[in-house]
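Engineer: no FASTA, just this:
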């Protein structure tokens, strides 16, 4: 199957895919209905979203500020004044409606909240998660404190190699950090490299003496057999069970809470729930700001991260759905936008986006039901109206589709949209209107690729091979390498007994695409009729290999074998042909499509 460049909208990189052909009579092929690929169909969603981009991403600022004020006191108590200060700055940035300011403020909130989450997890004994969040914090804000927390988490979890790497990064960024040298000493002690530990503890004590460092220095010196007690005057006796790594003394945990309260399991659980809420909200704000700055892939990643922390965050599912639409992740968009629309059925943007995403994922019945409440307002965005009409066609609701397409066609629409409408008429078998829409598109954009091709296919359906040939020749003038246009031109030339030119075209098609089953078949069949059965066998065998369920190829191949004196092969192919014919007779036809007085067949 060949994907033809449509070049109708460079911004969206549209492509069109046409399938091969279906059998309508023994020994004859005819073009099947072409269909546009989903990638092409859903550029409509992107186009609609561009037009609505200023209203896409929900930021309920008033609700957020009110909630923040209600929880300000508890936030300060649970997590310290620094977090509350950063939250207040984020609220101010959101009030300014400056996406860059919101992005910066949200990053600062996220960075500190992740550190605080790591602190809680450290107290709960979840050391790997604590390390993960401390490390993630550094993605949002470079911080010596976050690097220290990461080392502490690795040490607590006995991940000594990771701790060594992290403390090396810490000291590289801040060589005069006494805590960093102290933690490096602790790592060396854990790895039983006592001489190195002495060096690290000594450096820490030189920068900032304290009893804890001096005790560890003394222990390291004893283990390294380098006793030096000159710095140990007044130091407490060392005890081996001093591996306590809770970082509360270093982080900004609530100063109003006692150590007992801060380490209470229920209190820690409460803190964790509060931090999850803050994280999800700030990540949602960050993604919103990034989307407003056209950073859609990054925004979607942050919406997804927010969902992991708290999926119920106000506006998040809508934002996640919009971000997924921008990233062409239509299944994700459907998943997120369904609950968003259920929560607010009046949200027309969410409705149009969900309907478009459902169309893109081939959920045509649900797409039609979702878009139907838009009514005439769908025509304000032709791409959405097309998705609705195309969905109606897919579920055989032709009268409704005809009415919608007629109104859409009467509007001022772009040539690419006219081509989509032509495709819709073709799908319903309304071939005269297919040709009309293609020609209207060509009047507006004479070099529009695929329009002549689609018109040619519709003319074949109307048994107008001469007119179809003109369309295919016009397409080849614009796109000389279009093998499908070459094949179809050869097909209509054969109908007009212009065999020599048709054979030449078929050979050109196969020179570019030797795996083209229909071209192999038509060329082989033509060679049989010209008396060169041996040469025909090569092409017919290729067609049978590429399309084994295609009945006529086996009929023609048995004839070619018989003409070449290969009776056994001919009998085998004849048997295959009979079996396929018998099987096709047993196929149950689908029920008739919905019709009306204004049947599209009558147009």
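Structural biologist: Perfect, thanks for sending it. Just so it is clear, the model here is predicted, and its values are computed rather than measured.
Engineer: could you pull out the helices for the stretch 151-300 of the chain?
Structural biologist: Applying DSSP state H, counting those that start in this stretch to the stretch 151-300 of the chain gives helices spanning 160-173, 178-190, 194-207, 211-223, 259-262, 265-292, 296-309.
Engineer: Which one of the ones you listed lies nearest to residue 362?
Structural biologist: helix 296-309 (22.2 Å; CB to CB). Quick note: C-beta positions are derived from backbone N, CA and C, even for glycine.
Engineer: Give me the angle between that closest one and helix 265-292.
Structural biologist: With axes from the mean of the first three to the mean of the last three CA atoms, to 10 degrees defining the directions, helix 296-309 sits at 160 degrees from helix 265-292.
Engineer: neighbouring contacts of helix 296-309?
Structural biologist: 57, 276-277, 279-281, 283-284, 286-288, 290-291, 313, 316-317, 319-320, 323-324, 326-327, 329 (CB atoms under 8 Å, 6 or more residues apart in numbering).
Engineer: going on from that helix, what's the next piece of helix or strand?
Structural biologist: For helix 296-309, the following helix or strand on the C-terminal side (DSSP states H and E) is helix 316-326.
Engineer: So for that following helix, mean pLDDT?
Structural biologist: For helix 316-326, the mean pLDDT works out to 93.
Engineer: what is the orientation angle of that helix with helix 265-292?
Structural biologist: 40 degrees.
Engineer: which helices and strands sit right next to helix 316-326?
Structural biologist: helix 43-51, helix 265-292, helix 296-309, helix 330-343, helix 348-360 (3 or more CB pairs under 8 Å, 6 or more residues apart in numbering; DSSP states H and E).
Engineer: Mind doing that once more with 6 Å?
Structural biologist: Contact here means 3 or more CB pairs under 6 Å, 6 or more residues apart in numbering; DSSP states H and E; on that basis helix 316-326 packs against helix 296-309, helix 330-343.
Engineer: for the last one, packing partners?
Structural biologist: Counting by 3+ CB pairs under 6 Å, 6+ apart, the packing neighbours recorded for helix 330-343 are helix 316-326, helix 348-360.
Engineer: how about CSV for those helices, with mean neighbour count added?
Structural biologist: Output for the helices and strands packed on helix 330-343, formatted as CSV (neighbours: other CB atoms under 10 Å):
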stretch, mean neighbour count
helix 316-326, 26
helix 348-360, 26
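Engineer: okay if I get these as a markdown table plus distance to residue 92?
Structural biologist: Shown next, in a markdown table, are the helices and strands packed on helix 330-343 (distance: least, CB to CB, whole Å):
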| stretch | distance to residue 92 |
| --- | --- |
| helix 316-326 | 21 |
| helix 348-360 | 27 |
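Engineer: Contacts only, for residue 277.
Structural biologist: Each residue near residue 277 by CB atoms under 6 Å, 6 or more residues apart in numbering is listed here: residue 310.
Engineer: now do the one 5 residues further on
Structural biologist: By CB under 6 Å, 6+ apart, the residues touching residue 282 are 106, 109, 110.
Engineer: give me that answer again for 7 Å
Structural biologist: When contacts are counted by CB atoms under 7 Å, 6 or more residues apart in numbering, residue 282 touches 90, 106, 109, 110, 113.
Engineer: got it, and residue 366?
Structural biologist: Contacts of residue 366 (CB under 7 Å, 6+ apart): residue 358.
Engineer: What distance do you get for it to residue 356?
Structural biologist: For residue 366, the distance to residue 356 equals 12 Å [CB to CB, to the nearest Å].
Engineer: And residue 127, by the same measure?
Structural biologist: 45 Å.
Engineer: do residue 172 as well
Structural biologist: In terms of CB to CB, residue 172 sits 49 Å off from residue 356.
Engineer: rewinding a little: let's have the helices and strands packed on helix 316-326 in a markdown table, adding mean neighbour count, distance to residue 510 and mean pLDDT.
Structural biologist: Below are the helices and strands packed on helix 316-326 laid out as a markdown table (neighbours: other CB atoms under 10 Å; distance: least, CB to CB, whole Å; pLDDT from 0 to 100):
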| stretch | mean neighbour count | distance to residue 510 | mean pLDDT |
| --- | --- | --- | --- |
| helix 296-309 | 20 | 42 | 95 |
| helix 330-343 | 20 | 37 | 95 |
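Engineer: Got the domain ranges for the chain?
Structural biologist: Using automatic domain parsing, the domains assigned to the chain come out as 3-21+363-585, 143-253.
Engineer: worst average pLDDT in those domains?
Structural biologist: Taking the mean pLDDT of the domains of the chain, domain 143-253 comes last: a mean of 80.
Engineer: quick one: the strands in the chain?
Structural biologist: 3-5, 15-17, 21-25, 28-31 (DSSP state E).
Engineer: Tell me how many other residues crowd residue 571.
Structural biologist: 13 (other CB atoms under 10 Å).
Engineer: any idea how far it lies from residue 479?
Structural biologist: For residue 571 relative to residue 479 (CB to CB), the value is 44 Å.
Engineer: now residue 547
Structural biologist: From residue 547 to residue 479 the distance is 25 Å (CB to CB).
Engineer: Spatially, which residue comes closest to residue 404, not counting chain neighbours?
Structural biologist: Distances taken as CB to CB, 6 or more residues apart in numbering put residue 389 closest to residue 404, at 4.4 Å, once the chain neighbours are dropped.
Engineer: Please tell me how far that neighbour sits from residue 398.
Structural biologist: Residue 389 is 10 Å from residue 398, by CB to CB.
Engineer: ok so, going back, would you confirm that the residue nearest to residue 404 contacts residue 403?
Structural biologist: No - look at residue 389 against residue 403 with CB atoms under 7 Å: they stay out of range, at 9.0 Å.
Engineer: So between these two, which is more surrounded?
Structural biologist: More neighbours surround residue 389 than the other of residue 389 and residue 403, with 29 against 14 (other CB under 10 Å).
Engineer: excluding its backbone neighbours, what's nearest residue 392?
Structural biologist: residue 401 (3.9 Å).
Engineer: burial count for that neighbour?
Structural biologist: 25.
Engineer: Point out the one among the helices and strands packed on helix 316-326 that comes closest to residue 374.
Structural biologist: Closest among the helices and strands packed on helix 316-326, using CB to CB: helix 330-343, at 11.8 Å.
Engineer: Just want the angle from that closest one to helix 296-309.
Structural biologist: 60 degrees.
Engineer: Highest mean neighbour count out of the helices of the stretch 151-300 of the chain?
Structural biologist: helix 178-190 (a mean of 23; mean count of other CB atoms under 10 Å).
Engineer: Provide the contact partners of it at residue level.
Structural biologist: 148, 151-152, 155, 160, 163-164, 167, 170-171, 174, 196-197, 200-201, 203-204, 207-208, 213, 216, 220.
Engineer: who's in contact with residue 129?
Structural biologist: If you count contacts by CB under 7 Å, 6+ apart, then residue 129 has residue 121 around it.
Engineer: Give me the pLDDT for it.
Structural biologist: 95.
Engineer: Look up how far residue 304 lies from the residue sitting nearest the centre point of the chain.
Structural biologist: In the chain, the residue lying closest to the centroid (CA atoms, centre = their mean) is residue 329, at 3.0 Å. As judged by CB to CB, residue 329 and residue 304 stand 10 Å apart.
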